[in-house]
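>>> with the sequence up front, the predicted model follows.
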Amino acid sequence: MEWSHTQNTAICRAHSRPITRSEFPRPAQPQPEDVRYRDGKGNPNDFWHPGAITVSGVHQAKGNEAESVYVIGADKVAQHEADIQVRNHLFVAMSRSKGWVHLSGVGIAGTSFAREVEEVLRQGSTLTFLPSQPKRTLNDNDTDNGEGAMT
């Protein structure tokens, strides 16, 4: 299975119906015939297979959608919530869902991240994204050289 320990989030693509706990194979008794790995056998560009669950990093999930998305490792977001790249990964992961998003993390209760999630849940079915002011803007004398540096 392709996985990077440095990734902060992962995506699971599930069926269009809720999955019960009994449908997941027990880790101690894997069922190899039900697991497909991206190991060069088959088409690596296939994001999902009917009747299967896809586990993916954020970058591969970009451009794909699922009815239900499970984001694991939310505790990493809570630990590094000031890091815009980590927050962007979380946004990409969450925006892959057509219907339901499930966040999973360890030890995030009481953090500002948990309070932010609780506030979003209180808002109901509407999310409001307020852009922050950029730290620096381009004016007529500034140009972007395409590498993120200002000249």
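Cool, the structure landed.
>>> who touches residue 112 in this structure?
78, 81 (Cβ atoms under 8 Å, 6 or more residues apart in numbering). From N, CA and C alone the C-beta is placed, and that goes for glycine too.
>>> distance of it from residue 67?
30 Å (Cβ to Cβ, to the nearest Å).
>>> report the next helix or strand after the worst-scoring helix or strand of the chain on mean pLDDT in sequence order.
One helix or strand of the chain scores below all others by mean pLDDT, DSSP states H and E: strand 10-13, with a mean of 40. Downstream of strand 10-13, the first helix or strand assigned by DSSP states H and E is strand 54-57.
>>> who are the packing partners of that following strand?
Packing contacts for strand 54-57, counted by 3 or more Cβ pairs under 8 Å, 6 or more residues apart in numbering; DSSP states H and E, involve strand 10-13.
>>> in the chain, which segments are predicted with low confidence?
1-46, 49-50, 127-151 (pLDDT under 70).
>>> how near is residue 118 to residue 52?
On the measure of Cβ to Cβ, residue 118 and residue 52 end up 33 Å apart.
>>> so which of the two has more stuff around it?
Neighbour totals were compared for residue 118 and residue 52, and residue 52 leads with 13 against 9 (other Cβ atoms under 10 Å).
>>> phi, psi for that one please.
The phi/psi pair for residue 52 (degrees, to the nearest 10) reads phi -120, psi 170.
>>> distance of it relative to residue 66?
Applying Cβ to Cβ, the value for residue 52 to residue 66 is 12 Å.
>>> what's the answer for residue 81, then?
Applying Cβ to Cβ, the value for residue 81 to residue 66 is 25 Å.
>>> those two: who's more crowded?
residue 66 (24 against 15).
>>> if I look at the more buried one, how far off is residue 78?
For residue 66, the distance to residue 78 - Cβ to Cβ - is 24 Å.
>>> again, but for residue 103
10 Å.
>>> now residue 117
Distance, residue 117 to residue 78, using Cβ to Cβ: 9 Å.
>>> the more surrounded of those two?
Using other Cβ under 10 Å as the criterion, residue 117 and residue 78 rank with residue 78 on top: 21 against 17.
>>> ok, the more buried one - contacts?
Residue 78 sits next to 105, 107, 108, 111, 112, 113, 114 when contact means Cβ under 8 Å, 6+ apart.
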